[in-house]
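Visitor: fold the following.
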Amino acid sequence: MLYQAYEFQRQLATPIRMWASALEQVYSSPYNPWAETWLGKSVAAGAEIMTRLTQNYGKPAFGLKTTQVGDETVAVNEEILLRKPFCQLLHFHRDTTRRDPKVLVVAPMSGHYATLLRGTVEALLPDHDVHITDWIDAREVPLAQGNFDLDDYIDYVADFCRYLGPNVHVIAVCQPSVPVMGAAALMAEAKEPRQPKSITLMGGPIDTRVSPTVPNDLAMRNSMMWFRQNVISTVPLNYPGALRRVYPGFLQLTSFISMNLDRHVNAHMRQFEHLVKGDDDPADAHRTFYDEYLAVMDLSAEFYLQTIEVVFKEHLLPRGEWVSRGRKIRSRANSTTFPASARPRPRMRSRPTFPARVTYTGNSPGSVTTASSTAASGASRSCRASAPSFARTTRCSDRVAAGSEATTFVRSALRSSWVSRNSGITPPTCWWP
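Guide: The predicted structure is shown next:
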């Protein structure tokens, strides 16, 4: 009944939104003599905020039309290379003949759309052939398409890597670090010829026993039955995915906002002041930020629950006990040797598997960015590295060895985390419980 109650509330808010929208248009009209007064601007500002708070936000667009390749500005076109029920492989095709390193950005399937990584894609485009996993809202996927769980996530990543070929570099931002590591380990153990050349794990929940946070404690404190009864709901009949069991996006958004409620309230109070004063730049920045932040998607229940159990409760990956479809994920499957100066030493129960040389960079204890690349033997750990726990990706001074093919994209990815200067809030790419 949770989803149905939300839909009922959303329908009740429709007249309020329409009234607020009309009020905003009336008091911002140049034909209204009150439009330029303090009272008129205040009414219009309040009406706009009310309209935006009650409207439904759909999937945003990437909106990346051009990029700079060398000294030339070239067009960028989006093309879908592979379609799967819950994801499509999106390619940002640059209108250039230059052959740059191929990069697959694995976006979090965590309540927000892949467009949350727009800044990362934009930073990579000038020097890389960029692809991204564009996840689909579970409520838009008919039941006939089947289920989607953590094992399917691993299969999707592996299939995308096979499609893109052996020279692809994979960047996993936060939540997908676990399935990407699993896919890489399985491909390495099978000695597949088209496994990725390198992978980069940024702020992922590899071992949540180390530096646990509030969400980690919540997962440990509550049983799986509690999660099934309190956060899982059924998609209503007015959506293509009717009757599918999901973790609703609106519930995820509520948890996001509650974690930083004071910041969100202050951000909207500042927005009211900007609108009254006519400060267009910060007002536009606020709109842009919340257009993205308030656009959420549902996650399939089986994926959410399996991840809670495998990653946050049982810690099967760092314990070396994770089995996917009868295949044990062995973190030492890769036989790659590491030069002493580049050997990773994170605080983990078992060393992760990568298809190439690895370096680790982090930002702060409990909020670690783990980066791997094909760095030369002189690569070194540049920041304090502890086991990646549930954390937001922030910044890091990544001193990766010069001359390596992966240096540029690792550096670009680490420097492109999105922080709204207007609101001071970092959109969480991690999630749950």
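Visitor: what sits against Arg244?
Guide: 138-139, 141, 143, 234-235, 300-301 (Cβ atoms under 8 Å, 6 or more residues apart in numbering). For every residue, glycine as well, the C-beta is placed using N, CA and C.
Visitor: swap the cut-off to 6 Å and go again
Guide: 143, 235 (Cβ atoms under 6 Å, 6 or more residues apart in numbering).
Visitor: does Ile80 really touch Gln88, like I thought?
Guide: Yes. With contact defined as Cβ atoms under 6 Å, Ile80 reaches Gln88; the gap is 5.0 Å.
Visitor: anything in contact with each of those two?
Guide: Here Ile80 and Gln88 share no contacting residue, scored by Cβ under 6 Å, 6+ apart.
Visitor: who has more neighbours, those two?
Guide: Gln88 (16 against 10; other Cβ atoms under 10 Å).
Visitor: in a helix, that's where that one is, yeah?
Guide: No. The assignment for Gln88, made by DSSP: H, G, I helix; E, B strand; the rest coil, is strand rather than a helix.
Visitor: so who does Arg125 touch?
Guide: Careful, residue 125 is Leu; it's not Arg. Counting by Cβ under 6 Å, 6+ apart, Leu125 touches Thr67.
Visitor: kindly export stretch 140-157 (C-alpha atoms) in CSV.
Guide: Extracted as CSV, the C-alpha positions of stretch 140-157 are listed here (Å, rounded to 0.1, in the frame of the first residue of the first chain):
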residue,chain,number,x,y,z
GLU,A,140,9.0,1.0,-16.5
VAL,A,141,10.0,-2.6,-17.1
PRO,A,142,7.1,-5.0,-17.6
LEU,A,143,7.0,-8.2,-15.4
ALA,A,144,7.3,-10.3,-18.6
GLN,A,145,11.0,-9.1,-18.9
GLY,A,146,11.9,-11.1,-15.8
ASN,A,147,13.7,-10.1,-12.6
PHE,A,148,17.0,-8.3,-12.0
ASP,A,149,19.3,-9.0,-9.1
LEU,A,150,22.9,-8.6,-8.2
ASP,A,151,23.9,-11.7,-10.3
ASP,A,152,22.2,-10.1,-13.3
TYR,A,153,24.2,-6.9,-12.6
ILE,A,154,27.4,-8.8,-12.8
ASP,A,155,26.3,-10.4,-16.0
TYR,A,156,25.4,-7.1,-17.5
VAL,A,157,28.8,-5.6,-16.7
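Visitor: show me the contact partners of that stretch.
Guide: By Cβ under 6 Å, 6+ apart, stretch 140-157 touches 85-87, 179-180, 182-183, 240-241, 243-244, 300, 302-303, 306-307, 324-325.
Visitor: in strands, which of those residues fall?
Guide: 87, 300, 324 (DSSP state E).
Visitor: give the bridge partners for the second one, please.
Guide: Meaning Ser300. Beta-bridge partners for Ser300, by DSSP bridges, are Val246.
Visitor: what's the per-residue pLDDT of it here?
Guide: With respect to pLDDT, Ser300 scores 97.
Visitor: hmm, it is touching Asp137, no?
Guide: No. The criterion here is Cβ under 6 Å, and Ser300 misses it with Asp137 at 10.2 Å.
Visitor: settle it for me: which of these two has more neighbours?
Guide: Ser300 (24 against 21).
Visitor: looking at this structure, which helix or strand is least sure?
Guide: Least confident element among the helices and strands of the chain, by mean pLDDT, DSSP states H and E: helix 407-414 (a mean of 42).
Visitor: re the thing from before, tell me the one of the ones in strands among the contacts of stretch 140-157 nearest Ala285?
Guide: Cys87 (30.1 Å; Cβ to Cβ).
Visitor: what's the domain layout of the protein?
Guide: Domain ranges of the chain: 1-56, 66-215+299-414, per automatic domain parsing.
Visitor: tell me which of those domains is the most buried.
Guide: Compared across the domains of the chain, domain 66-215+299-414 shows the largest average neighbour count, a mean of 20 (mean count of other Cβ atoms under 10 Å).
Visitor: coming back round to it: lowest average confidence across the domains of the chain, which one?
Guide: Looking at these, the bottom one is domain 66-215+299-414 with a mean of 75.
Visitor: if we can go back for a sec, can you tell me which of the contacts of stretch 140-157 end up in helices?
Guide: Under the assignment DSSP state H, these contribute 179-180, 182-183, 302-303, 306-307 to helices.
Visitor: mind putting those into a markdown table with distance to Asn167?
Guide: Below are the ones in helices among the contacts of stretch 140-157 laid out as a markdown table (distance: Cβ to Cβ, whole Å):
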| residue | distance to Asn167 |
| --- | --- |
| Pro179 | 21 |
| Val180 | 17 |
| Gly182 | 21 |
| Ala183 | 17 |
| Glu302 | 33 |
| Phe303 | 29 |
| Gln306 | 31 |
| Thr307 | 30 |
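Visitor: closest to Leu164 out of those residues?
Guide: Distances from Leu164 to those, taken by Cβ to Cβ, are shortest for Ala183, at 12.7 Å.
Visitor: and the gap between the closest one and Pro196?
Guide: Distance, Ala183 to Pro196, by Cβ to Cβ, to the nearest Å: 9 Å.
Visitor: enumerate every residue touching the residue nearest the centre of the chain.
Guide: With distances taken as Cα atoms, centre = their mean, the chain has Pro108 as the residue nearest its mean C-alpha position (3.4 Å). By Cβ under 6 Å, 6+ apart, the contact set of Pro108 is 173-176, 429.
Visitor: rebuild those as a markdown table, extending it with distance to Phe62 and secondary structure.
Guide: Output for these, formatted as a markdown table (distance: Cβ to Cβ, whole Å; DSSP: H, G, I helix; E, B strand; the rest coil):
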| residue | distance to Phe62 | secondary structure |
| --- | --- | --- |
| Val173 | 15 | strand |
| Cys174 | 19 | coil |
| Gln175 | 20 | coil |
| Pro176 | 18 | coil |
| Thr429 | 16 | coil |
